[in-house]
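>>> Here is a sequence with its predicted model. Questions after.
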Amino acid sequence: MKLSKLFKPVILLAVIILIAGCSTVDNKRTYLNTTEIPENITTADVVKTSIGTLHFFDGVPTKETAELTQDFLLKSRGVDAFLKGIPGASLQALRKGPGLLGVDAVGKVALFEKLMDSHALFLTANTSTLYIFPYVNTTDGPVVVEVPPMMLGAFDDAWFRFVSDVGLAGPDKGEGGKYLILPPGYDKEIPEGYFVIKPRTYATWLFMRGNISKGVDVAVKNVKDHLQVYPLSETADPTPVEYVNMTGKPFNTIHPNNFEFYEHLNILIQEESDTMLDDETKGLFASIGIKKGEEFNPTERERRILTDAVAIANAAARSNNYYPTGDLKMVYFYKDVPTEWVMAYPDKNVYFNYEHGFNTDARVFFHYTYTAVTPSMATPHEGKGSDYTITFKDSNHEVFDGSNTYKIHLPPDVPVADFWALTIYDSQTRSMLQTDQPYPTVGSQDEGFLQNEDGSYDVYFSPEAPAGFENNWLQTIPGKSWFVVLRMYGPLKPWIEKTWRPGEIELME
């Protein structure tokens, strides 16, 4: 029997429907052990994300999707490695800079005989105290440092962790004394007569500051008359200290902000004790190719991704400082009024451990712009030591533009036992702004510094000095941004209790 032309398409359509129906039934087939699967534990075949569209076959990623996500993981770990690696990278640079000028062995000391000046690329250094940086490394055995009297400083390990104060805030209480620095894992007999220091690393950064109230030359003589640095093995006949005068010399102590950061970090990992880092941090660095005992040799693809990562991380670190949000709002110096004055150590905590755990952003906030970790610099004592506050923006909450003129007003009776000082810094380098002023600082120590009739002070920031205020002026550079640090030496109760406050820096129209 022949089918009509009209009937054939009908049969064909029925067959198609039947096949489709059978397919649907098969897809929904229930097996003996089938249970309902929650949708939130499965993965769709197509997923749109910020890094692109991801494709899967029943939960299995395609090769292209796997490569896309692996690239993302490398980038995100590269960002994390930069942010977590800043402390170690910063301290590595602090040792490398003077090392290139000869401070590269035990017994050598960086001494700023005419104070630190703007030639140095050095994070937020001051021009008001004498800096002394002895080279300390215990790779070849314990090291002895005979500290002069009246020093103020500390030992930090190679990961920039606080180890011990030195001098006035340390165990010698300003009288000077012998410090013995031991290498990690040292198990030999420890001789008596020393203040014993046990860092987790071979390299230790000892920074000391000398008081110059009796003159810089007097402070320098105090150092040269008393400071000794030598291996414990040479106790019987120490080699005399070799001083390198760093004043006026260009050198860099700031870590790179490009791909070289990872190479710089790798050098530290290779040189240091395995006890420097916890396993999680070591694993993070290993995930981007930085492994102790192995060459850091990324492929072109990995180098490209890490170059992108460090650019993102550097931007994040800078944003962290200029636009603190969330938990970082604790950086503001005054809590009861809107202000742009901030603290270097968020909430005065040098360990960065807070109520809800360790705060990585707080650590980045400090180490990207500042150096020297010690509780004595975060906890002011009335009439002793020093305290600081920093501002990155004017009273209108705008970043400073070196093309403009700004003014700060300091009310009468500035509460310090010693002196106060304002120093201007370059937003790029976080070091002293390099202008025609080699020591870009003004304050109560300066000759000719003008005081208003009521005992208050005004300081100007501009490319050219306002007429009559040449001694109350810090020079800026048109087209460059800057920030400023107010240092209070011997802060008194009105400062500590915040009843006396500096004005916000105002743009002059």
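Received, thanks.
>>> so where's this protein uncertain?
For the chain, residues meeting the criterion pLDDT under 70 lie at 1-27.
>>> rerun at 80
1-28 (pLDDT under 80).
>>> doesn't L100 make contact with T253?
No - counting by Cβ atoms under 8 Å, T253 stays clear of L100, with 10.1 Å between them. No exception for glycine: its C-beta is placed from N, CA and C like everyone else's.
>>> More neighbours: the two, which one.
T253 (21 against 10; other Cβ atoms under 10 Å).
>>> Torsion angles phi and psi at the more buried one?
phi -120, psi 20 (degrees, to the nearest 10).
>>> just the one 10 residues further on next, same as before
Dihedral pair for E263: phi -70, psi -40, per degrees, to the nearest 10.
>>> I figured it was touching F296, is that so?
Yes - using Cβ under 8 Å, E263 makes contact with F296 at a distance of 6.6 Å.
>>> ok, the two, which is more surrounded?
Neighbour count, other Cβ under 10 Å: between E263 and F296, F296 has more, with 16 against 13.
>>> C-terminal to the helix or strand harbouring V310, what's the next element?
Element membership for V310 (DSSP states H and E) is helix 300-322. Once the chain leaves helix 300-322, the next helix or strand it forms, by DSSP H and E, is strand 341-342.
>>> quick one: the helix or strand hosting S76 to helix 300-322, angle?
Assessed by DSSP H and E, S76 sits inside helix 63-99. Put simply, helix 63-99 runs at 60 degrees to helix 300-322, going by axes from the mean of the first three to the mean of the last three Cα atoms, to 10 degrees.
>>> helices or strands next to helix 63-99 in the packing?
The contact analysis (3 or more Cβ pairs under 8 Å, 6 or more residues apart in numbering; DSSP states H and E) places helix 63-99 against strand 52-57, strand 204-210, strand 251-252, helix 260-271, helix 279-287, helix 300-322, helix 360-367.
>>> Can you say which of those is packed in most?
strand 204-210 (a mean of 24; mean count of other Cβ atoms under 10 Å).
>>> List the contacts of P238.
The neighbourhood of P238, defined by Cβ atoms under 8 Å, 6 or more residues apart in numbering, consists of 107, 144, 228, 230.
>>> out of those, who has the most neighbours?
Neighbour-wise, these (other Cβ under 10 Å) top out at V144, 21 neighbours.
>>> Please report how far Y186 lies from T138.
Look at Y186 and T138: by Cβ to Cβ, to the nearest Å, they are 8 Å apart.
>>> neighbour count winner among those two?
Ranked by neighbour count (other Cβ under 10 Å), Y186 and T138 place T138 first, with 23 against 15.
>>> wait, what's in contact with the residue nearest to the spatial centre of the chain?
In the chain, the C-alpha nearest the mean C-alpha coordinate belongs to H367, at 1.4 Å (Cα atoms, centre = their mean). Counting by Cβ under 8 Å, 6+ apart, H367 makes contact with 86-87, 90, 160.
>>> okay if I get those residues as JSON lines plus distance to Y460?
Shown next, in JSON lines, are those (distance: Cβ to Cβ, whole Å):
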{"residue": "I86", "distance to Y460": "34"}
{"residue": "P87", "distance to Y460": "36"}
{"residue": "S90", "distance to Y460": "32"}
{"residue": "F160", "distance to Y460": "35"}
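>>> and these, which two are the farthest apart?
Greatest spatial distance among the contacts of H367 (Cβ to Cβ): I86 and F160, at 8.6 Å.
>>> how many other residues sit next to the closest residue to S444 other than its chain neighbours?
What sits nearest to S444 in space, not counting adjacent residues and going by Cβ to Cβ, 6 or more residues apart in numbering, is F419, at 4.5 Å. Other residues within reach of F419 by the criterion other Cβ under 10 Å amount to 17.
>>> for F419, what are its contacts?
Contacts of F419 (Cβ under 8 Å, 6+ apart): 128, 443-445, 489-490.
>>> Tell me the spacing between I41 and M151.
As judged by Cβ to Cβ, I41 and M151 stand 62 Å apart.
>>> more crowded one of the two?
Comparing I41 with M151 by neighbour count (other Cβ under 10 Å), the higher total belongs to M151, at 29 against 7.
>>> where's the closest residue to that one other than its chain neighbours relative to H381, distance?
What sits nearest to M151 in space, not counting adjacent residues and going by Cβ to Cβ, 6+ apart, is G167, at 3.3 Å. Noted for G167: a distance of 14 Å to H381, by Cβ to Cβ.
>>> between these two, who's got more neighbours?
The neighbour comparison of G167 against H381 (other Cβ under 10 Å) goes to G167, with 24 against 14.
>>> That one against M150, yeah?
Yes - with contact defined as Cβ under 8 Å, G167 reaches M150; the gap is 6.9 Å.
>>> Leaving out chain neighbours, which residue sits closest to T499?
For T499, the closest residue by Cβ to Cβ, 6+ apart turns out to be K493, at 7.9 Å.
>>> Just give me the neighbour total for that neighbour.
11.
>>> Which residues are in contact with it?
Contacts of K493 by Cβ under 8 Å, 6+ apart are 382, 415, 499.
>>> from the chain's centre, how far out does the helix holding V310 sit?
When distances are taken as Cα atoms, centre = their mean, to the nearest Å, helix 300-322 is centred 15 Å away from the chain's centroid.
>>> Just list what that helix packs against, helices and strands only.
helix 63-99, helix 260-271, helix 360-367.
>>> Just want the angle from the last one to helix 300-322.
Going back to what we said before, that points to helix 360-367. Following the same axes, to 10 degrees, one obtains 80 degrees for the angle between helix 360-367 and helix 300-322.
>>> Show me what secondary structure element comes after helix 360-367.
Next helix or strand after helix 360-367 toward the C-terminus (DSSP H and E): strand 386-391.
>>> Now do that next one against helix 300-322, angle only.
Using the same axes, to 10 degrees: strand 386-391 against helix 300-322 is 100 degrees.
>>> Pull the distance from the helix or strand following strand 386-391 to the chain's centre.
Following the chain from strand 386-391 toward its C-terminal end, the next helix or strand by DSSP H and E is strand 406-410. When distances are taken as Cα atoms, centre = their mean, strand 406-410 is centred 28 Å away from the chain's centroid.
>>> what lines up beside strand 406-410 in the sheet?
According to DSSP bridges, strand 406-410 forms sheet pairs with strand 457-462 (antiparallel), strand 506-507 (antiparallel).
>>> Distance from the chain centre to the shortest one, please.
If I follow you right, that is strand 506-507. Its chain's C-alpha centre and that of strand 506-507 lie 28 Å apart, by Cα atoms, centre = their mean.
>>> Over to the first one?
Going by Cα atoms, centre = their mean, the spacing between the C-alpha centre of strand 457-462 and its chain's C-alpha centre is 29 Å.
>>> For Y489, which three-state class applies?
With DSSP: H, G, I helix; E, B strand; the rest coil as the basis, the three-state label of Y489 is strand.
>>> In contact with the closest residue to it other than its chain neighbours: list those residues for me.
Leaving out its chain neighbours, the residue that sits closest to Y489 by Cβ to Cβ, 6+ apart is D418, at 3.9 Å. By Cβ under 8 Å, 6+ apart, the contact list for D418 reads 213, 489-490.
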